[in-house]
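*Asks:* Quick one, fold the following:
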Amino acid sequence: MPGLTIGWEYLTGCCVATDPASRQRAEWPPHPGRVFMAMAAAWFETEPSNDAPDRKEWEEEGDSLQWLETLGDGHSRDPQLVLPPEHEVSLRKVVTVFVPVNGDRAKDTFPEEKSGTLQSAPSIARKKSDRTFPTVWVGDTPCFMHWPRASEESVVRHSAALQRLCGKVTRIGHSSSLVRVWLADELCSPDGADVWVPADGLADLHVRRVSGGTLGLLERQFNGRGRTEHTRLTAEIESLDARKKTIRGKGAADLKADIDRQIEERRGQLESVDSRPPIRPKLGLWTGYRRQQAAPASPIAHSDFDSDLLILTQVGGPRLPLASTLAVTQALRGAVMSNSAVQPPPPWVSGHVEDRQPLRDGRQHLAYIPLPVVSGEFADGHLLGAALVFPASVPRQERGRVLGRLLMDAEMRAKPVTLTLGPLGEWTLVKRDWSETRHGLKPKTWTAHPHGATTWATVTPVVLDRFPKADALKERAAWEFEVADIIATACGRLGLPGPAEIRFGTTSWHRGSPRASAKRRPIRGQAGVEGTATLGDGFPAYPAKGSNGVRPQLHVFLRFAEPVVGPVLLCAGRFLGYGLCKPLLGGDSP
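*Replies:* Here you go, the predicted structure:
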């Protein structure tokens, strides 16, 4: 494979590195900026003297680092990250430990403890400072950074120097995060590798990157040459001073005066030398990455919606049931419409053309779906968040251009979105963190990407596109045939093949999902009170347009002859979360 590839493996199986945004989190995937800083640190620490025979090789390694930093100039030139499969990586629980603070730092940290020192070690204060060492278990699967656009000529020119430099790197992150680094001849991706690529729209992750001048910045922060020069001048001054004390006899006064002149000259030089200790390196440039979706081994039917959902996690507000789907999705749509960076919002967002007429060209537009807990023994249907479902035809860059202002702040960090839900209160959402482990907040839970699924069942009820002509009571067989035809047509409208089997009813095949429609019963036994009351749980009726009638709402089971990839959203309510299907796992039988 053309380009440049640098590989490394964690010798202890653990990556110990702190996220620069929070000391309670581990940094994973490793930022390209961190890997570059590890290489730069190895280069700084192995600088030979000016007359050393390997000085030229060391300078060549510096040239290779300067070339490497230019590969990051421009978003499209940032490296790809090829990491161990997601199921092999696990975040360790962060444990706070307390370590002694040494020397003057102890006095600065605990000024009230001036006399409270340990008898066995007077320089150590009695109190200790809290530290965390966030860790990720990686195993023995190697990691890679790959620049696909690096020119072959430049790679050949710098390969020897880069290979030597990689051999000098002993850690990436904390000193306990030991590594072996090498320049790879080709990219050998492990099976099921977790691949991260530069994001051209809304990113899943923001990482530190390098660009031209990064090595110079790190060199100024490390200040190795300044400290070396300060040590040299100090040693020369001490040597001259010692020599001066040994001078005796005739001409001693002139020799001492000459030595004093040399000492003053070096002291003058010493004043202009920066001898400060190294500064913790910091990189100010960040870039977005997204997890690359794996391609299926063979062609699989895919709906017209993109399987890369933009998931928003609830971080504030009441615990809501699945039956409140419409309240959440309508409020979320209102927030997207009012905060769109393009006004009026484009048709793929609003679902309308310029004259306010609905899209009728067969294209999909932005949809909003709930993310409930509907799997597992304790599934109760409460909402974990919501998701934006994009038409597959909309480029990622366009998505970020329109929605970035709503979801990201000026520093490209996820910012909260607060929805006002009327009597239900306020609900606060934030863009999902890549490391989220809850099953209902993972895109593949709702899309079955990349391998697809043959059986699907609705989590929210399907709202039929039209009223069946047959009577459900008097002509049951004809009514069921017509309903099945409406559902099959909806599948075709979504770009999916016709199902081999369709079943429907009022009860969902998923645990925790309410009835398709709330049952109502007449109010009896109360004088002067007429009307009906809700009996049990159930979804509210989907608002009908241009009609007072309530369209039939049904839960649906689908079986396809071949696996299909979602998301699968069917019929009239699909853009506001009704008709949401989820793969039915645990066997092909409903």
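*Asks:* Within the helices and strands, which one has Gly400?
*Replies:* Using DSSP states H and E, the element containing Gly400 is helix 396-407.
*Asks:* need the next SSE after that helix, C-terminal direction.
*Replies:* Counting by DSSP H and E, the next helix or strand C-terminal to helix 396-407 is strand 417-420.
*Asks:* lowest-confidence helix or strand of the protein?
*Replies:* Lowest by mean pLDDT, DSSP states H and E among the helices and strands of the chain is helix 103-109, with a mean of 48.
*Asks:* And the helix or strand harbouring Trp446, what does it pack against?
*Replies:* Assigned by DSSP H and E, Trp446 falls within helix 443-447. In terms of contacts (3 or more CB pairs under 8 Å, 6 or more residues apart in numbering; DSSP states H and E), helix 443-447 is packed against strand 580-583. For every residue, glycine as well, the C-beta is placed using N, CA and C.
*Asks:* re earlier: how about the helix holding Gly400: buried residues?
*Replies:* Arg396, Glu398, Arg399, Gly400, Arg401, Val402, Leu403, Gly404, Leu406, Leu407 (16 or more other CB atoms under 10 Å).
*Asks:* Next one: the closest residue to the last one other than its chain neighbours relative to Pro416, how far apart?
*Replies:* With CB to CB, 6 or more residues apart in numbering as the criterion, Leu407 has its nearest non-adjacent residue at 5.2 Å, and that residue is Lys431. With distances defined as CB to CB, to the nearest Å, the gap from Lys431 to Pro416 amounts to 9 Å.
*Asks:* quick one, phi/psi of Trp479?
*Replies:* The main-chain torsion angles of Trp479 are listed as degrees, to the nearest 10 and equal phi -60, psi -40.
*Asks:* so how many other residues sit close to it?
*Replies:* By other CB atoms under 10 Å, 17 other residues sit near Trp479.
*Asks:* Return the residues in contact with it.
*Replies:* Contacts for Trp479 (CB atoms under 8 Å, 6 or more residues apart in numbering) come out as Pro468, Ala470, Asp471, Ala472.
*Asks:* For Val16, name its beta-bridge partners.
*Replies:* Beta-bridge partners for Val16, by DSSP bridges, are Thr135.
*Asks:* mind listing what it touches?
*Replies:* With CB under 8 Å, 6+ apart, Val16 has these contacts: Ala26, Phe133, Pro134, Thr135, Gly173, His174, Ser176, Ser177.
*Asks:* Give me the buried entries from the residues you listed.
*Replies:* Using 16+ other CB under 10 Å, the buried ones in the contacts of Val16 are Ala26, Phe133, Pro134, Thr135, Gly173, Ser177.
*Asks:* Pick the one among these closest to Ser350.
*Replies:* Ala26 (40.6 Å; CB to CB).
*Asks:* And Pro344, how far from Val463?
*Replies:* In terms of CB to CB, Pro344 sits 27 Å off from Val463.
*Asks:* tell me the phi and psi of the residue of the chain positioned farthest from its centre?
*Replies:* Computed with CA atoms, centre = their mean, the residue of the chain farthest from its C-alpha average is Lys250, at 78.1 Å. With angles defined as degrees, to the nearest 10, Lys250 sits at phi -60, psi 140.
*Asks:* what's around Trp5, how many residues?
*Replies:* No Trp there; residue 5 is Thr. 23.
*Asks:* element containing it, please.
*Replies:* Counting by DSSP H and E, Thr5 is found in strand 4-10.
*Asks:* what about stretch 452-463, how long is it end to end?
*Replies:* End-to-end distance for stretch 452-463: 24 Å, by CA to CA, to the nearest Å.
*Asks:* Let me see the mean pLDDT of that stretch.
*Replies:* Averaged over stretch 452-463, pLDDT sits at 94.
*Asks:* likewise stretch 557-565?
*Replies:* 93.
*Asks:* Keeping just the C-alphas, turn that stretch into PDB.
*Replies:* Provided in PDB are the C-alpha atoms of stretch 557-565 (Å, rounded to 0.1, in the frame of the first residue of the first chain):
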ATOM      1  CA  PHE A 557     -42.600  -7.800  12.300                       C
ATOM      2  CA  LEU A 558     -40.500  -8.100   9.000                       C
ATOM      3  CA  ARG A 559     -38.500 -11.000   7.700                       C
ATOM      4  CA  PHE A 560     -36.400 -10.500   4.600                       C
ATOM      5  CA  ALA A 561     -35.000 -13.200   2.400                       C
ATOM      6  CA  GLU A 562     -31.500 -11.700   2.700                       C
ATOM      7  CA  PRO A 563     -29.900  -9.500   5.400                       C
ATOM      8  CA  VAL A 564     -30.600  -5.700   5.100                       C
ATOM      9  CA  VAL A 565     -28.800  -2.800   6.700                       C
END
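*Asks:* Pull out the buried positions in it.
*Replies:* Those buried within stretch 557-565 under the rule 16+ other CB under 10 Å are Phe557, Leu558, Arg559, Phe560, Pro563, Val564, Val565.
*Asks:* try stretch 486-504
*Replies:* Applying 16+ other CB under 10 Å to stretch 486-504 flags Ile486, Ile487, Ala488, Ala490, Cys491, Leu494, Leu496, Pro499, Ile502, Arg503, Phe504 as buried.
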